[in-house]
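Enquirer: Build me a model from this:
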Amino acid sequence: MRLEITCDDRLGLCQDVLQILRDHEIDLRGIEVDPRGKIFLNFPELEFADFQHLMPEIRRIPNVKDVKTVPFMPSEREHFEFSLLLRKLPDPVLSVDARGIIDIANDAAQQTLSDARQQITGTSIGQWLSGFNVVRWLERQPKDDILEQVSIGGAKYFADLLPIWVTDETGRTSFAGAVVTCKPQPLSGQWQRGHHSDAFSQIVTEHPQMKRLLKEAARMAELSVPLLIQGETGVGKELLARACHQAGNRAPQPFLAVNCAALPDNVAESELFGHGKGSLGPHTEAKKGIFEQANGGTVLLDAVSEMSNELQAKLLRFIQDGRFRRIGEEQEVEVDVRIICSVQDDLLDRVASGEFREDLYYRLNVLTLVIPALRDRRSDIPLLADYFSLQTCHKLGRSLITLNRSCRERLQNYQWPGNVRQLENVLFRSISMLDGERLSADDLQLPESLAAHESVAVELGDRTLDEAVKKFESTILSRLYPAYPSTRQLARKLGLSHTAVANKLREYKIGKQRPKKRL
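Expert: Presented below is the predicted three-dimensional model:
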């Protein structure tokens, strides 16, 4: 039961109120005095008869104007207001004592740090935050706020640490701990700035292998010789090629990309090299091809391994001489372009199977960059997830969402056969359909992972042991092939020779198996 007593200030008024409670043997749980002329009492519920006698006695106290029951004490309202505000804040907020023990954590902090599977209150903040020693900072009893970079579950945050000093009635201060507010880092490129050119700033990474790759790419960007970029679908081959163009001395000139796999053979030559007036029909006008349009700049030939043999021959001659003839014309055209090629699989496999010219391969393979798959640089997944989340929120015009721990773990454990592009698309779709402010694992729409660790069961049935073993091999290779489209990568994964894996893929008719052509 709570009472609100409205009164004028008078010395001893509270003592008179307390005396009445003692006379009625009422256990007082709390008393609060509002300087604006109100006294609030909190005590156990009373029988109606006792309550009837209590109210008139309090009203007869001099300077008391009114007495009424209220549903809550002012401190209780403040507590629930504080809890509600804290709970609704999208950023993780923690309060720690002077030893670094967490005593208050909002919902965002709970979900970001432990995903509600383990209560974080009562634990040391050092158990959850890395990159900055908060406990050691507290030991110094700091006076000033600081902003530090920290890591929570692999994600980067800026932690705003505010020391708490309590002042008593005598003016003496005591150190009581700190409030820690964590905000996602501004994803403008600071995280992965290295020694390479700013042209590479859109390639977000912290992985050592990728950093070495970008450093090599920065050196290769200044050269004008052909560049071959290898990597699975969705790893960012075109992004790297465009960065190499922008970081080189050809940056002011055009950068044109063409997907060789998307061009039918009957139009590919015209698109690349152009055609003369009337060469493709009586009413066709002359047209410049991609190479001529990009004169002085760079041309990216994506999926160059899909080129027809005839077009490969013409491309080889162009690379050698820098000259070509438009379709239907005799006059040669001379242009200066840098050629960058990208392939998903190992071109040597195509050469070995007769699908790609060996002489063209050695012309293109002057400089080579191999982009690792996302599953081989998992430390980049939290970084990329935050980057794409921010970009998606900007596109959708919504406030920044946070990824809770279960979401990050699901992203981290997934195989990502579609690599960075798949991660970006999954996050865009999930955030677009999200109602709240936090993304959980249940919000992610991911197809079944073709992970190597998935169990594979083969029923023996009427098969012989040899047939069962072959069925088992075929199942394993079928599941792994989409994530390792290069036979050399798959061979390294399985610990077999490249030839052995290529033969088994051919035997089980897995992947693109074409008849061998003569060079």
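Enquirer: For the least confident helix or strand in the chain by mean pLDDT, which outside residues touch it?
Expert: Every helix and strand in the chain was compared by mean pLDDT, DSSP states H and E; the lowest is helix 487-494, with a mean of 77. Contact partners of helix 487-494, identified using CB atoms under 8 Å, 6 or more residues apart in numbering, comprise 345-346, 348-349, 373, 452, 477, 480-481, 484, 497-498, 500-502, 505. Glycine gets a C-beta too; all of them are placed from N, C-alpha and C.
Enquirer: And whichever helix or strand comes after it, what does it pack against?
Expert: Per DSSP states H and E, helix 487-494 leads on to helix 498-507 as the next helix or strand towards the C-terminus. In terms of contacts (3 or more CB pairs under 8 Å, 6 or more residues apart in numbering; DSSP states H and E), helix 498-507 is packed against helix 465-480, helix 487-494.
Enquirer: any idea of the angle the shortest one forms with helix 498-507?
Expert: Per axes from the mean of the first three to the mean of the last three CA atoms, to 10 degrees, the angle that helix 487-494 makes with helix 498-507 is 110 degrees.
Enquirer: buried ones in helix 487-494?
Expert: Neighbour-count burial for helix 487-494 flags 487, 488, 489, 490, 491, 494 (criterion: 16 or more other CB atoms under 10 Å).
Enquirer: how far does that helix sit from the chain's center?
Expert: Mean-position distance between helix 487-494 and its chain equals 27 Å (CA atoms, centre = their mean, to the nearest Å).
Enquirer: for the most centrally placed residue in the chain, what are its contacts?
Expert: Geometric centre of the chain, nearest residue: residue 385, 0.6 Å, by CA atoms, centre = their mean. By CB under 8 Å, 6+ apart, the contact set of residue 385 is 155, 403, 408, 411, 423, 427.
Enquirer: let's see 7 Å
Expert: 403, 408, 411, 423, 427 (CB atoms under 7 Å, 6 or more residues apart in numbering).
Enquirer: Beyond the helix or strand in which it is found, next helix or strand please.
Expert: Residue 385 belongs to helix 380-396 when elements are defined using DSSP H and E. Counting by DSSP H and E, the next helix or strand C-terminal to helix 380-396 is strand 402-403.
Enquirer: Now do that following strand: distance to the chain's middle.
Expert: The answer for strand 402-403 is 9 Å, by CA atoms, centre = their mean.
Enquirer: Give me the neighbour count for residue 341.
Expert: A count of neighbours around residue 341, defined by other CB atoms under 10 Å, yields 28.
Enquirer: sorry, that was for residue 86
Expert: Look at residue 86: counted by other CB under 10 Å, it has 16 neighbours.
Enquirer: what do you get for residue 9?
Expert: For residue 9, the count of nearby residues is 10 (other CB under 10 Å).
Enquirer: Flag whichever of the contacts of helix 487-494 scores worst on pLDDT.
Expert: For these, the weakest pLDDT value sits at residue 452, with 40.
Enquirer: Break down the stretch 101-250 of the chain into its helices, ranges please.
Expert: For the stretch 101-250 of the chain, the helices defined by DSSP state H, counting those that start in this stretch cover 107-113, 134-139, 208-220, 237-247.
Enquirer: mean pLDDT for these: which is lowest?
Expert: Between the helices of the stretch 101-250 of the chain, the one with the least mean pLDDT is helix 107-113; it has a mean of 81.
Enquirer: who does it touch, helix- and strand-wise?
Expert: With contacts taken as 3 or more CB pairs under 7 Å, 6 or more residues apart in numbering; DSSP states H and E, helix 107-113 sits against helix 405-413.
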